[in-house]
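Asks: Next come a sequence and a model predicted from it.
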Amino acid sequence: MNTRKIVASCILVTLTGLCVALAQDSAKTPPVALRADNILVPPATGPVSGVTIVNLRNAPYTGKVTVTLPDGWKANQTQFDVTLEPNEKKQIEFSLEKAAANKDHVYPYTITAVGGGQTVTVNQKLICATTPYVKPKIDGDLAEWFDDAVPVAFDCKGKKTVVRTYWNKRNFCLSLEVQEDKYEPAADAVQFALAYGKASTGKSADDKTARYEFVIVGGKCYQLVKPGAPLGDTLKPAALPTEPVAKSEVAIKRAKDITTYEVSIPMRPMMKVLKPTTGRKYNFGLIVHDPDGAGVREMAKVTSPLPGSTNKYAWQKWIGAKFPEKPLLDSKLEWGFCTSIH
């Protein structure tokens, strides 16, 4: 066999092996990613529930999605035929016709997608991401939050954080229980963001911010971002404003290994954007800064984020904070305003 034929044979063998390897890798890779969207009002009110499906391949996808609800729950539909273009993301919505709350406000969903030669199953603990209408007294005592607010709890390196929200015509209110070894007023902080329901974080430095962002540090609440600034500016560590948010209230208490935060900020400056009304969707995000302990804690991790949910523009950097090198999860999580959880 001459040299050209030998080389050609080697190339053919190499290409054949490469194609087989790629086919094997493709078979191992799930064709789609699945996520149940947060319930935005208490389940007993019969809300719309949803599932997001993302095609992870560069080829069309056709399949059937089945949602298995908690025991005793019923929906108007639980099976859906789905067709997706390459890399397309789609939301499937259905109405809960029968559902009930539990004391933890966490609900097991099982989502199965059959198609693309594979079966993909996701078992998810769905949270009720809702903000009841209450006007609390900001004094560091969370007794009035325990019966009327929905807790969202998450762990980071063995340390627990519990978040609750309220709203009223005048204020947006937030409480946290942060488990940490010690509290350092100048370094430990809570950063949170609010945006309208359909807002998304861009991918380019020239895109504009679509959120209000705040940080509680040193016993005061400061505004870091408002809609309209270039996203590129969020990468530059900013100095805290000289004055806290006007008419904001903050109370911080420490007991054993728990730091309790309670804050209220005026709703009026955000009214035209958030348009808070019962049943309305908005976006809420939160991170906790614990530099001498668990580091940066992301509430978004409890919401079963989809692949690609990180975004380097998701949070404003500020002087004095230690952000990880890797981008954090997006600050825009689906949340909802409600009247009451009862």
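Replies: Ah, there it is.
Asks: hey, C-alpha coordinates of the helix or strand where residue 174 lies in PDB?
Replies: If you go by DSSP states H and E, residue 174 is part of strand 171-179. Output in PDB follows, covering the C-alpha atoms of strand 171-179 (Å, rounded to 0.1, in the frame of the first residue of the first chain):
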ATOM      1  CA  ASN A 171     -43.400  49.700  51.400                       C
ATOM      2  CA  PHE A 172     -41.600  46.600  50.300                       C
ATOM      3  CA  CYS A 173     -40.500  44.700  53.400                       C
ATOM      4  CA  LEU A 174     -38.000  41.900  53.900                       C
ATOM      5  CA  SER A 175     -36.900  39.700  56.800                       C
ATOM      6  CA  LEU A 176     -34.000  37.300  57.100                       C
ATOM      7  CA  GLU A 177     -32.600  34.800  59.600                       C
ATOM      8  CA  VAL A 178     -29.000  34.200  58.800                       C
ATOM      9  CA  GLN A 179     -27.100  31.500  60.600                       C
END
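Asks: Just list what that strand packs against, helices and strands only.
Replies: strand 159-167, strand 189-196, strand 258-266, strand 281-290 (3 or more C-beta pairs under 8 Å, 6 or more residues apart in numbering; DSSP states H and E). C-beta: built from backbone N, CA, C; applies to glycine.
Asks: what does the second one rub up against?
Replies: Identification of contacts with strand 189-196 by C-beta atoms under 8 Å, 6 or more residues apart in numbering yields 172, 174, 176, 178, 210-217, 224-225, 227, 261, 263, 270, 273-275, 282-289, 315-316, 321, 331-332.
Asks: Try it again at 6 Å.
Replies: With C-beta atoms under 6 Å, 6 or more residues apart in numbering as the test, strand 189-196 has contacts from 176, 210-217, 261, 273-274, 283, 285-289, 331-332.
Asks: following it, which helix or strand comes up?
Replies: strand 212-217.
Asks: average pLDDT for that following strand?
Replies: For strand 212-217, mean pLDDT is 98.
Asks: Span of stretch 157-176 from start to end?
Replies: Using C-alpha to C-alpha, to the nearest Å, one end of stretch 157-176 lies 17 Å from the other.
Asks: nope, stretch 242-254 is what I meant
Replies: Note: stretch 242-254 ends 26 Å apart using C-alpha to C-alpha.
Asks: I'd like the average pLDDT over it.
Replies: 98.
Asks: what ranges of the stretch 101-250 of the chain fall below the confidence cut-off?
Replies: By pLDDT under 70, the stretch 101-250 of the chain has no low-scoring segment.
Asks: What pairs with the strand holding residue 174, parallel or antiparallel?
Replies: strand 159-167 (antiparallel), strand 258-266 (antiparallel) (DSSP bridges).
Asks: re earlier: between the helices and strands packed on strand 171-179, which gets nearest to residue 79?
Replies: With distances scored as C-beta to C-beta, the stretch of the helices and strands packed on strand 171-179 nearest to residue 79 is strand 281-290 (25.2 Å).
Asks: Report all helices and strands that the closest one contacts.
Replies: If contacts are counted by 3 or more C-beta pairs under 6 Å, 6 or more residues apart in numbering; DSSP states H and E, strand 281-290 sits against strand 189-196, strand 295-298, strand 333-337.
Asks: Show me where this structure has its helices.
Replies: For the chain, applying DSSP state H gives helices covering 3-28, 271-274.
Asks: what's the least confident stretch among those helices?
Replies: helix 3-28 (a mean of 46).
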